[in-house]
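Undergrad: I'll drop the sequence and a predicted model, then ask my questions.
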Amino acid sequence: MKTITAITLSTIFTCLTLAGQATSPTPEQLEAARRYSESCGGQAMVVLLDGKIVFESYANGGGKDRAQMLASGTKSFVGVVAVAAVEDGIIKLDDPACESLTEWKTDPVKSQITYRQLLTLTSGLTPGERGSAVRSPGWKEIVAKPMAGKPGAQFAYGAYHLCAFAEALQRKLKNETFEAYLNRRILQPLGIKLEWRWRCADGNPQVGGAGAMTARDWAVFGEFMRLGGQWNGKQIIRKELLAECQRGTKQNPAYGLTWWLRQPVPDLVFQQVPLLRREMGDLVKEDWLPDDLFMAAGAGKQRLYVIPSRKLVIVRQGDLMKSRDFSDVEFLRRLWSGAETPRPVPAVIATAEDAAPAPKIERFQLTGEQWTCLADGQSLSGVLLKPAGTGPFPAVILSHGLGGNAAAMAANRGREMVTRGYVVIATDYTHAGKPGEGRQARGEIDYAQVGASRENIRRALACLEILRQQPDVDPRRIFAHGHSMGAFLTIALVAATDKIAAAAITAGGIVPDGVNYAAPTVSVAGRVRTPMLILHGSADTTVPPSRSVLLKEVLDKNKVPNDRIVFEGAGHNLPSPANSAEVYRLIHDWFTRHSAPQWTPR
């Protein structure tokens, strides 16, 4: 059921004139943004221009009266409550929080934490724990958590900073709870309602991520922010105090008092803040976006964009699990297609022609199972496994997932393929982890260069050339297999060469064009002509099955031989002990079926 409400075109154009902004969204641009959002699990979209609703749409289970989870979008209410408390003379942002949290006074480190550091997530306190979003300890227990860093020295995203702040403010309020103060000071004057879906163990709200609100009410909150603390002609909070919410820190200039900002961020900070590497950094890097854009953001791509210079407030709410492929930049680009076109994403090839040609392999040496070489003059190494005999054998290029490495991939999947008569080659890609660390090494990874990046395609093509030079390998029977990030790379690899007889992926897929992610886009997949087997777990929450559905749709459209098999109840780790025999059988059967050229490559 889909609901779309829009005022008449003449009224929209009147509003645009009053707003004085020639680049404000047209009805066509609003429709384009809506279609994109809904294709990525969008459930609600509300656009305010100069305080008036000019577009409203609901789909995928959303509704005008439905309060939806804001997730971390809830955090932004805490920053606003904080500056209200400053105006009321209750706290000063740069005062030590131990004036209220008295148990911190005797701690030489915690006693240095200020209210501002709690609000900017730079306090050094333990930021959160697995599962704490829905099963959070009580506020006092959070206050007692150990330090994970030094006050003001690092940005660490998490709800515990804000729960600690809420406890500190609640103690200062004495006769009023934090929740009651939020209602009296902010929500009631605006006429909006914030529901708490989860509470901490002590009954207090989980202020870092448990709020729910209708799209219209969230838009009202955004309009209040756009107007600098005014509502219905009344100044609820002084403008200069509310501006503190848009003041970033050295540790993360793109995050103020619980709001994401468009502020220049040094490269070193990008590397130190995972959220900037994975997601939020796009808004900072795209120079066509208005500099004064700021937003509240939460999991499931819950978004409240505020753009004062354009007199715009935009709400986007989505399904928690189906919105992973949503891109802020792509959404805003479609909403603002009359503005400058954003730069292409450098990490993922746009077309097969963009990929590097086959590298020149020199000084190849194989010592036991370890190989080294120069690929276009750059050092490369990896593992090469061979079955007994003289061949010629079929061969497989194995590509590992995030935090994996060539050695681990060869030791598991590689050994299995060798028992079935394949030569196996593997190398480390840019998303590799250190041996023995696995996915725990992901904090050291540059997310802008993982998966289907040009560099990884170059390394995979080098593996292909090495195999083609092996006298015991049949060049007509070279296959590719990858898992997760390695699956993304495998798709990009066969889009860049026609020398792979067939491919098989587990837990992989593609994303819509324009999405900044490590997976290939629809356009890249459109160049694939290699028969492909797609295996996915129905319960995979890391790479949603919708991504492999999209891949199959592209392959079917282009009449590329393919098969997609879903393992019911299986998660991201495919194969698992319960289904490994079946997974390897399917892969082997697929490769056997496509062992000789059966159709004309492009």
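TA: Cool, the structure landed. Numbers count the residues shown, from 1 in each chain.
Undergrad: next helix or strand past the strand or helix carrying L464?
TA: Under the assignment given by DSSP states H and E, the secondary-structure element containing L464 is helix 454-469. Along the chain past helix 454-469, the next helix or strand (assigned with DSSP H and E) turns out to be strand 473-483.
Undergrad: list the buried ones in that next one?
TA: Buried residues in strand 473-483, defined by neighbour count with 16 or more other C-beta atoms under 10 Å: V473, D474, R477, I478, F479, A480, H481, G482, H483. (Each C-beta comes from the backbone N, C-alpha and C, glycine too.)
Undergrad: which residues does the fifth one contact?
TA: The contact partners of F479, by C-beta atoms under 8 Å, 6 or more residues apart in numbering, come to P394, A395, V396, I397, Y422, I500, A501, A502, A503, A504, F591, H594.
Undergrad: for it, list each beta-bridge partner.
TA: With DSSP bridges as the criterion, F479 is bridged to V396, A502.
Undergrad: and the first one, by the same measure?
TA: With DSSP bridges as the criterion, V473 is bridged to F393.
Undergrad: what count of nearby residues applies to I307?
TA: Neighbour count for I307, taken as other C-beta atoms under 10 Å: 23.
Undergrad: can you report phi and psi for the closest residue to Q469 other than its chain neighbours?
TA: Excluding the flanking residues, the one nearest Q469 by C-beta to C-beta, 6 or more residues apart in numbering is I361, at 6.6 Å. Note on I361: its backbone torsions stand at phi -100, psi 130 [degrees, to the nearest 10].
Undergrad: domain ranges for this structure?
TA: 48-335, 352-593 (automatic domain parsing).
Undergrad: residue contacts, G61?
TA: Q43, D319 are the contacts of G61 under C-beta under 8 Å, 6+ apart.
Undergrad: try 7 Å
TA: When contacts are counted by C-beta atoms under 7 Å, 6 or more residues apart in numbering, G61 is found next to Q43.
Undergrad: tally of neighbours for C373?
TA: Using other C-beta under 10 Å, C373 has 23 other residues around it.
Undergrad: part of a strand, is it?
TA: Yes - applying DSSP: H, G, I helix; E, B strand; the rest coil, one finds C373 inside a strand.
Undergrad: tell me what it is bridged to.
TA: Per DSSP bridges, residues listed as beta-bridge partners of C373: L380.
Undergrad: returning to that earlier point: including mean pLDDT and distance to P27, could the domains of the chain go into JSON lines?
TA: Formatted as JSON lines, those follow (pLDDT from 0 to 100; distance: least, C-beta to C-beta, whole Å):
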{"stretch": "domain 48-335", "mean pLDDT": "93", "distance to P27": "8"}
{"stretch": "domain 352-593", "mean pLDDT": "88", "distance to P27": "21"}
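Undergrad: using JSON lines, lay out these together with distance to T26.
TA: Supplementary listing: the domains of the chain in JSON lines, determined by distance: least, C-beta to C-beta, whole Å:
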{"stretch": "domain 48-335", "distance to T26": "10"}
{"stretch": "domain 352-593", "distance to T26": "19"}
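Undergrad: these: which one's closest to E38?
TA: Taking C-beta to C-beta, domain 48-335 is the member of those nearest to E38, at 4.8 Å.
Undergrad: so what's W139 up against?
TA: Contacts of W139 by C-beta under 7 Å, 6+ apart are C163, A166, E167, C200, D202, N204.
Undergrad: ok, it to G128 distance?
TA: The span separating W139 from G128 equals 14 Å under the rule C-beta to C-beta, to the nearest Å.
Undergrad: same check on A406?
TA: Summarising the geometry, the distance separating A406 from G128, computed by C-beta to C-beta, is 33 Å.
Undergrad: L289 against L283, yeah?
TA: Yes - look at L289 against L283 with C-beta atoms under 7 Å: they come within range, at 6.4 Å.
Undergrad: hey, what's in contact with both of those two?
TA: Common contact partners of L289 and L283 (C-beta under 7 Å, 6+ apart): R262.
Undergrad: that older thread, so the helix holding L464 versus strand 473-483, what angle?
TA: 150 degrees (axes from the mean of the first three to the mean of the last three C-alpha atoms, to 10 degrees).
Undergrad: contact partners of helix 454-469?
TA: Under C-beta under 7 Å, 6+ apart, the answer for helix 454-469 is 349, 355-356, 358-359, 361, 364, 373, 375, 380, 395, 397, 399, 423, 425, 427, 429-430, 449, 473, 475, 478, 489, 492-493, 496-497, 499.
Undergrad: quick one: the helices in the stretch 401-550 of the chain, in order.
TA: Secondary structure of the stretch 401-550 of the chain (DSSP state H, counting those that start in this stretch): helices at 406-409, 415-419, 454-469, 485-496, 522-525, 545-557.
Undergrad: which parts of the second one are buried?
TA: Residues of helix 415-419 classed as buried by neighbour count (16+ other C-beta under 10 Å): E416, M417, V418.
Undergrad: relative to L461, how far out is the second one?
TA: For M417, the distance to L461 (C-beta to C-beta) stands at 20 Å.
Undergrad: ditto for R547
TA: R547 sits 24 Å away from L461, taking C-beta to C-beta as the criterion.
Undergrad: show me the contacts for the nearest residue to Q117 once chain neighbours are set aside.
TA: Sequence neighbours aside, S123 is the residue nearest to Q117 in space, at 4.3 Å (criterion: C-beta to C-beta, 6+ apart). When the contact criterion is C-beta under 7 Å, 6+ apart, the partners of S123 are I113, Q117, P151, H161.
Undergrad: ok, so of those, who is nearest L93?
TA: Using C-beta to C-beta, those come closest to L93 at Q117, 9.3 Å.
Undergrad: tell me which element the closest one is part of?
TA: Under the assignment given by DSSP H and E, the secondary-structure element containing Q117 is helix 115-119.
Undergrad: report the next helix or strand after that helix in sequence order.
TA: Note on helix 115-119: by DSSP H and E, the next helix or strand toward the C-terminus is helix 139-143.
Undergrad: please name every helix or strand in contact with whatever helix or strand comes next after that following helix.
TA: Downstream of helix 139-143, the first helix or strand assigned by DSSP H and E is helix 160-173. Helices and strands touching helix 160-173, by 3 or more C-beta pairs under 7 Å, 6 or more residues apart in numbering; DSSP states H and E, are helix 75-87, helix 115-119, helix 139-143, helix 178-182.
Undergrad: buried sites along helix 160-173?
TA: Buried residues in helix 160-173, defined by neighbour count with 16+ other C-beta under 10 Å: 160-170, 172-173.
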